[in-house]
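J.: Here is a sequence with its predicted model. Questions after.
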Amino acid sequence: MGDVKLTVLSEMQVGEAGILESLDLPANVQNHLMHMGFVPETRVVALHRAPAGDPTVYAVDGLEIALRKETTRHIHIRKAPECNDAEIPEQKTVSRKVRS
């Protein structure tokens, strides 16, 4: 078996997919992300990036989660095969009622 090249989530380009290997974050942040689906062996797809480059929205376990680079540079992944459009969730518009 060949060596598996690890990288960090912040290095992924939009449209790329990776398999989560580990999180090197404080316990409270790590636990929070794990509850949202960031667990080892989970597929993560970079969906889109803010115009200024940060944060980036990732698809993981059926959710879309925006994370800042300062967090994603501590999440280790291995590259996964390119995703196809069927794997990228459709964007949903969320409306909220605001009380005045």
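T.: It's in.
J.: Return the per-residue confidence for the nearest residue to residue 30 once chain neighbours are set aside.
T.: Nearest residue to residue 30 in three dimensions, chain neighbours excluded: residue 23, at 4.7 Å (C-beta to C-beta, 6 or more residues apart in numbering). All C-beta spots, glycine's among them, are computed from the backbone N, C-alpha and C. What the model reports for residue 23 is a pLDDT of 95.
J.: same thing with residue 94?
T.: 36.
J.: tell me which element residue 32 is part of?
T.: Secondary structure assignment for residue 32, by DSSP states H and E: helix 27-35.
J.: Could you check how far the helix or strand that that helix is followed by is from the centre of its chain?
T.: Next helix or strand after helix 27-35 toward the C-terminus (DSSP H and E): strand 43-49. Centroid displacement of strand 43-49 relative to its chain, using C-alpha atoms, centre = their mean, to the nearest Å, is 5 Å.
J.: Point out the other helices and strands that strand 43-49 packs with.
T.: strand 17-23, strand 56-60 (3 or more C-beta pairs under 8 Å, 6 or more residues apart in numbering; DSSP states H and E).
J.: By average pLDDT, which secondary structure element in this structure comes out worst?
T.: Across the helices and strands of the chain, mean pLDDT, DSSP states H and E gives its lowest value to strand 6-8, namely a mean of 90.
J.: Buried residues, it. List them.
T.: Across strand 6-8, burial judged by 16 or more other C-beta atoms under 10 Å covers residue 8.
J.: Note down every partner strand of it and its orientation.
T.: strand 75-79 (antiparallel) (DSSP bridges).
J.: quick check: angle from the strand it pairs with to strand 43-49?
T.: 100 degrees (axes from the mean of the first three to the mean of the last three C-alpha atoms, to 10 degrees).
J.: Please report the distance of the residue nearest to residue 30 from residue 52.
T.: Residue 23 is 25 Å from residue 52, where distance means C-beta to C-beta, to the nearest Å.
J.: Comparing the two, which residue is more hemmed in?
T.: Set residue 23 next to residue 52 and count neighbours by other C-beta atoms under 10 Å: residue 23 wins out with 20 against 6.
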